[in-house]
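Undergrad: generate a structure from the sequence data that follows.
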Amino acid sequence: MLVALHLLAQAAVIIRVLLRPHRNPASRLSWVVVVLAVPVAGMIGYLLLGETNIGRRRALRMQRVRAELPDPPAAPVAIAPRHAPLFRVGQSIGGYAPTGGNRATLAADSNAAIDALVADIDAATDHVHLLFYIWLPDGNGTRVAQALMRAAGRGVACRALVDDIGSKLLIRSALWTAMGAAGVRLARALPVGNPLLRALHGRVDLRNHRKIAVIDDAITWCGSQNCADPEFRIKPRYAPWVDVLLRFEGPVARQNQHLFASDWMAWSTENLAALLARPMPPPGEGFAAQVVASGPTTRHSGMPELFQSLIYAAERELVITTPYYVPDDPLQAALCAAANRGVATTLVLPARNDNWAVGAASRSCYAELLEAGVAIHEFEGGLLHAKTLTLDGEVALVGSANMDRRSFDLNYENTILLADAAATAAIRARQYDFLARSRRVSAAEVAAWPWTRRLWNNAVAVLGPVL
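TA: Numbering: from 1, shown residues only. Just a heads-up that it's a prediction; the model follows:
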């Protein structure tokens, strides 16, 4: 009887694997093999980690919040015909249309970014909205918190939203309590509670990975940087963490405001619809930009499709920096195709990755990329955490999304797509700086790796579809 029940349960899980939508054949096959090879652990593993399920109640709440908000804002803008399809892809993911009249400034480094953010908070007159995946009670984290408390003290509406797991050290600290006591309105995204009970209603590891700051509906910050010191003391052996953070002015700030409001209303009881209904000031001179918001409850495969669209649009040059490169087959093929058709294609990754599995899986891709002509560089000046893409010196993408399945399917991410030669040149110059501190990987070097290293890298990469 027990054997029959076990086989019935095993068959039920395998059928569920085969019927689940939005899974590629390799992922289905991998899970079927795991369930057959280690039945009990495999079935439990699949039910806990095999499906992108945030929970029915949470998904319905987020849909309801989105429906309550005004339509996403946009200002008219002329876009070059060859770039217009890229913005249409971005709009199909998060619903935000390209908007004109934007300006951007690239912070010199992580500490300079915090200096400028604190200055913006100190100058705020109406509201400050911050959302971070990781906010640490360290030097920079404390400086930002103190700026919020000062702003709240002078009557500015301050709201801080953090991921419940990523910012757990702040949430458990006296600083979090002090922020609330000073009048800063606080909320936690995707609260876990009892992890065992939470797992019954959806995956615990679906997280809000976004980094957003909006000040007075006119200024917004977007990039890869968390609210923390570059020494990143929870993982000091990989320090410094090297990030990119841009300060935007213009209508794209209202789009980030809309995105923040949708997250805030999902995890608090406060309705911000009235704030979004305020008239927008007329846009000034500036470039086209667009917020691209992705996540488990948005359009499936949105971010990998945007990355692929950008890569296939490249005609002369493509430069990408990312800390976590674990591509699906179409993304890997797109990069190889770019190099094969003569595009100067450069990929910059960290030499030492804080995630050993990601580091191994990334290197399993090297041989194919190098054979196609992709230039691979490993950054040696710390952990390169910047997520940037520049295209033909004309278009750029910056934000929180990595090139791995976690960003593609499991995390809520925010990026900004822009079309402007000057802004792209600034980002491209920073990428040059990263290249100057990197070592180029040669095809001969990869070919000389011992078979044990290649076996390890490839074996770890095989697990990609299971995760």
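Undergrad: domain ranges for this structure?
TA: 2-44, 56-292, 302-466 (automatic domain parsing).
Undergrad: element containing Leu417?
TA: Using DSSP states H and E, the element containing Leu417 is strand 411-419.
Undergrad: neighbours of the nearest residue to Ala152 once chain neighbours are set aside, how many?
TA: With sequence-adjacent residues excluded and distances taken as C-beta to C-beta, 6 or more residues apart in numbering, Ala152 is closest to Gly183, at 3.8 Å. Backbone N, C-alpha and C define where each C-beta goes, glycine included. A count of nearby residues for Gly183, using other C-beta atoms under 10 Å, gives 15.
Undergrad: hang on, the earlier thing: tell me which strands the strand holding Leu417 pairs with, and in which orientation.
TA: Its sheet considered, strand 411-419 pairs with strand 207-208 (parallel), strand 287-294 (antiparallel), strand 395-399 (antiparallel) by DSSP bridges.
Undergrad: just to revisit the earlier point, over to the residue nearest to Ala152. Which of the three states is it?
TA: coil (DSSP: H, G, I helix; E, B strand; the rest coil).
Undergrad: re the thing from before, just put the strands paired with strand 411-419 in a markdown table and tack on mean neighbour count.
TA: Formatted as a markdown table, the strands paired with strand 411-419 follow (neighbours: other C-beta atoms under 10 Å):
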| stretch | mean neighbour count |
| --- | --- |
| strand 207-208 | 24 |
| strand 287-294 | 28 |
| strand 395-399 | 26 |
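Undergrad: lowest-confidence stretch among the ones you listed?
TA: Looking at the strands paired with strand 411-419, the lowest mean pLDDT belongs to strand 207-208 (a mean of 94).
Undergrad: and the contacts of that one?
TA: The contact list for strand 207-208 (C-beta atoms under 8 Å, 6 or more residues apart in numbering) reads Leu131, Tyr133, Leu161, Asp163, Ile165, Gly166, Ala189, Leu190, Asp263, Leu410, Asn411, Tyr412.
Undergrad: redo that, cut-off 10 Å
TA: 131-133, 161-167, 188-190, 192, 263, 266-267, 295-296, 400, 406, 410-414 (C-beta atoms under 10 Å, 6 or more residues apart in numbering).
Undergrad: which is the succeeding secondary structure element to that strand?
TA: Following strand 207-208 toward the C-terminus (DSSP H and E): strand 211-215.
Undergrad: tilt between whichever helix or strand comes after that following strand and strand 411-419?
TA: For strand 211-215, the following helix or strand on the C-terminal side (DSSP H and E) is strand 219-223. Inter-element angle recorded for strand 219-223 and strand 411-419: 110 degrees (by axes from the mean of the first three to the mean of the last three C-alpha atoms, to 10 degrees).
Undergrad: what is the next helix or strand after strand 219-223 packed up against?
TA: Next along the chain after strand 219-223, taking DSSP H and E as the criterion, comes strand 241-242. With contacts taken as 3 or more C-beta pairs under 10 Å, 6 or more residues apart in numbering; DSSP states H and E, strand 241-242 sits against strand 383-384, helix 421-436.
Undergrad: again, only using 8 Å
TA: Judged by 3 or more C-beta pairs under 8 Å, 6 or more residues apart in numbering; DSSP states H and E, strand 241-242 is in contact with strand 383-384.
Undergrad: residues contacting whatever helix or strand comes next after the strand it packs on, please?
TA: Next helix or strand after strand 383-384 toward the C-terminus (DSSP H and E): strand 388-391. Strand 388-391 is touched from outside by 244, 307, 310, 313-314, 317-321, 396-398, 424, 427-428, 430-431, with contacts defined as C-beta under 8 Å, 6+ apart.
Undergrad: give me the buried subset of those residues.
TA: Among the contacts of strand 388-391, those buried by neighbour count (16 or more other C-beta atoms under 10 Å) are 244, 307, 310, 313-314, 317-321, 396-398, 424, 427-428, 430-431.
Undergrad: excluding chain neighbours, what is closest to Asp243?
TA: If the residues on either side of it in the chain are set aside, Asp243 comes closest to Gln225, at 3.8 Å by C-beta to C-beta, 6+ apart.
Undergrad: wait, Asn458 touches Cys365, no?
TA: No - with contacts counted by C-beta atoms under 8 Å, Asn458 stays clear of Cys365, the gap being 10.0 Å.
Undergrad: those two: which is more packed in?
TA: Each of Asn458 and Cys365 has its neighbours counted (other C-beta under 10 Å); Cys365 has more, 23 against 15.
Undergrad: quick one: secondary structure of the nearest residue to the more buried one once chain neighbours are set aside?
TA: Distances taken as C-beta to C-beta, 6+ apart put Gln332 closest to Cys365, at 5.9 Å, once the chain neighbours are dropped. Secondary structure assignment for Gln332 (three-state DSSP): helix.
Undergrad: repeat that for Arg247.
TA: Secondary structure assignment for Arg247 (three-state DSSP): strand.
Undergrad: you'd agree it is up against Ala119?
TA: No - between Arg247 and Ala119 there is no contact, the gap being 10.2 Å when judged by C-beta under 8 Å.
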